[in-house]
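S.K.: Got a predicted structure here, sequence first:
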Amino acid sequence: MAAADSPSAALRRDLCSRGIRLAGKMRADVVDLLDAYVEQQGLDASASVAAVEGVPLAAVERWDEQTGTQRLLENLAAYRAFRALLAQMLEEQREQLGEAEAGLGRALAALLLQVSAFAYHLEELLRLENRGIPGEEEEEEDGPPPPPRLSLFEQKLRGLGVLRELAQWAVRSVRDLRQLAKPSPATAAAPGLAESP
């Protein structure tokens, strides 16, 4: 049986298709949240934010040369970082705004759940390709290092940078999953994809 017709190839295409829908929904929610965040925080929507420490950049050189596994691993690392950063933002929002601005906190919490679900989805794709999930044990035990204490304004700008880059990652994830879903001679011959359980 050809790899393109194998159950694992069909499952991979199905997981990619679901991942594309999840990433598209996440992007729409991030864009909506960005608007609310800018308004609630009193920021200018056109504010320039330098690269934020701990925020992985979605832009990549030689994107078309990456393997499917490289794409998945970079996406997984990014969404794990976003999960930690969004949890931190949520905690900061609770400290700053209290119950008066609970809508923003609920939107951040919902986005955090989406990011966590998407990271799990990426882990499932990696398992399907018979790849180990990097850092699974260490992440649970240690977590990310504690961030430096920032001023309130710096926290707001970091939050803006995190949300903007998350929106870009959602776009990249859709592109990556579409690329991964395509049957190609290179992926059909890959050891993890050709072997069907």
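M.R.: Everything's here; your move. Numbering: from 1, shown residues only.
S.K.: Low-confidence stretches in the protein?
M.R.: Low-confidence segments of the chain, defined by pLDDT under 70: 1-5, 97-101, 131-132, 134-148, 184-197.
S.K.: Can you check which helix is longest in it?
M.R.: Residue-count comparison of every helix in the chain, with assignments taken from DSSP state H, identifies helix 7-41 as the longest.
S.K.: now for that one, which elements pack on it?
M.R.: Other helices and strands packing on helix 7-41, by 3 or more Cβ pairs under 8 Å, 6 or more residues apart in numbering; DSSP states H and E, are helix 102-128, helix 152-181, helix 191-194. (Each C-beta comes from the backbone N, C-alpha and C, glycine too.)
S.K.: Give me the most central residue, this protein.
M.R.: residue 79 (3.2 Å; Cα atoms, centre = their mean).
S.K.: Check which helix or strand that residue maps to.
M.R.: According to DSSP states H and E, residue 79 maps onto helix 68-97.
S.K.: and that helix, which residues are buried?
M.R.: 68-69, 71-76, 78-90, 92-93 (16 or more other Cβ atoms under 10 Å).
S.K.: one step back: so the longest helix of the chain versus helix 102-128, what angle?
M.R.: Using axes from the mean of the first three to the mean of the last three Cα atoms, to 10 degrees, the direction of helix 7-41 lies 160 degrees away from that of helix 102-128.
S.K.: Show me how far helix 7-41 is from its chain's centre.
M.R.: Centroid displacement of helix 7-41 relative to its chain, using Cα atoms, centre = their mean, to the nearest Å, is 9 Å.
S.K.: same deal with stretch 166-175?
M.R.: What separates the centre of stretch 166-175 from the centre of its chain is 8 Å, taken as Cα atoms, centre = their mean.
S.K.: Next: stretch 33-49.
M.R.: With Cα atoms, centre = their mean as the basis, the mean position of stretch 33-49 lies at 21 Å from the chain mean.
S.K.: still on that earlier bit, which strands and helices lie in contact with the helix holding residue 79?
M.R.: helix 102-128, helix 152-181.
S.K.: for the first one, which positions count as buried?
M.R.: Right, the one you point to is helix 102-128. If you call a residue buried by 16+ other Cβ under 10 Å, then helix 102-128 has these buried ones: 104-105, 107-109, 111-112, 114-116, 118-119, 121-126, 128.
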